[in-house]
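# the amino acid sequence is not available; the structure is as follows:
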Ligand code: KIV
């Protein structure tokens, strides 16, 4: 009889020790909740495709976020508004196929929570059927009932407050939020409403770090920060940002752990040179005697 090990990835001896698929060591939303009471930091990173998800499955990351940032990072759009349930499902399916041991959260696309509970439930169902274990919903004002409905329907919901990118035009750009006292008070209220509606965690994006720490102390559910300082219960970054794949994008809150742009350019330049010089393919890279 197989006993599912308790706790998050970091608490486990080795991911390779355990079987995949139905015996996955994937953390559940209960593990995510427990992390806060055990003061264990949560690690979330974006994943949009099968090859990166396969690699991420073997790293000490708790949650893979199929973020609608995929529209900007992968599809080259200026914002996230072009995401649809179908696009998000396609990326979610790719991630779910190769990351059986990670909790997968998929973004509910632009306006999907603003057309009533039935529409939102259909959209969330599409994402869960594609392999997500939970959905992330931006904001709460005006769609609190939808969040409650999803939670009561058995769909775990992660909230997202602060710089919610689906409001980019209303905000007048991707700018730090809740700097004024009234906005900060509203954000705290919204965080409590999200918790009350049943959200299992909340992303806090681009807000002053003191406010993020206050919200973190206020809530029973974990906060996961991006551009919100070290006081949150966990952190999230866009994979391509932390790998340095986009040399022109270097916001203050990103730490680069690799120079991915140089790696790609140098590797492909060497390949091109080898092709042109006739060095590739060599004797070991061909078929036949
Ligand atoms: O879409 C996304 O990648 C996100 C994170 C930045 C939190 O929502």
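Everything's here; your move. In this text the structure is predicted, and so the values were computed from the model without any measurement.

# all helices of the stretch 101-250 of the chain, in order?
117-129, 144-152, 168-171, 181-197, 209-218, 239-242 (DSSP state H, counting those that start in this stretch).

# dump those to CSV, plus mean neighbour count and distance to the ligand.
For glycine as for every other residue, the C-beta is placed from the backbone atoms N, C-alpha and C. Listed next are the helices of the stretch 101-250 of the chain as CSV, based on neighbours: other Cβ atoms under 10 Å; distance: least, Cβ to the nearest ligand atom, whole Å:
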stretch, mean neighbour count, distance to the ligand
helix 117-129, 18, 13
helix 144-152, 19, 16
helix 168-171, 12, 12
helix 181-197, 16, 15
helix 209-218, 18, 13
helix 239-242, 21, 9
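
# neighbours of residue 87, how many?
16 (other Cβ atoms under 10 Å).

# correction: the previous question concerned residue 155.
Neighbours around residue 155, by other Cβ under 10 Å: 22.

# with residue 76 instead?
Neighbours of residue 76 using other Cβ under 10 Å come to 7.

# okay, it: pLDDT?
At residue 76, the model reports a pLDDT of 97.

# quickly note the distance from it to residue 286.
36 Å (Cβ to Cβ, to the nearest Å).

# mean pLDDT and distance to residue 108 added to the helices of the stretch 101-250 of the chain, as CSV?
Output for the helices of the stretch 101-250 of the chain, formatted as CSV (pLDDT from 0 to 100; distance: least, Cβ to Cβ, whole Å):
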stretch, mean pLDDT, distance to residue 108
helix 117-129, 98, 6
helix 144-152, 98, 9
helix 168-171, 97, 16
helix 181-197, 98, 14
helix 209-218, 98, 21
helix 239-242, 98, 20
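
# those residues of the stretch 151-289 of the chain touching the ligand, which are they?
203, 205, 226, 236, 238 (Cβ under 6 Å from any ligand atom).

# hmm, the second one is touching residue 227, no?
In this case it means residue 205. Yes: counting by Cβ atoms under 8 Å, residue 227 is a contact partner of residue 205 at 6.0 Å.

# which neighbours do these two share?
Listed contacts common to residue 205 and residue 227 are residue 163; contacts here mean Cβ atoms under 8 Å, 6 or more residues apart in numbering.

# can I get the helices of the stretch 101-250 of the chain in a markdown table with distance to residue 266?
Listed next are those as a markdown table, based on distance: least, Cβ to Cβ, whole Å:
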| stretch | distance to residue 266 |
| --- | --- |
| helix 117-129 | 37 |
| helix 144-152 | 46 |
| helix 168-171 | 34 |
| helix 181-197 | 43 |
| helix 209-218 | 36 |
| helix 239-242 | 17 |
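
# what are the phi and psi values at residue 83?
Dihedral angles of residue 83 (phi, psi; degrees, to the nearest 10) stand at phi -60, psi 140.

# isn't it right up against residue 68?
Yes: Residue 83 lies in contact with residue 68 (Cβ under 8 Å); the separation is 4.0 Å.

# okay, the two: which has more neighbours?
Applying other Cβ under 10 Å to residue 83 and residue 68 shows that residue 68 carries more neighbours, namely 30 against 25.
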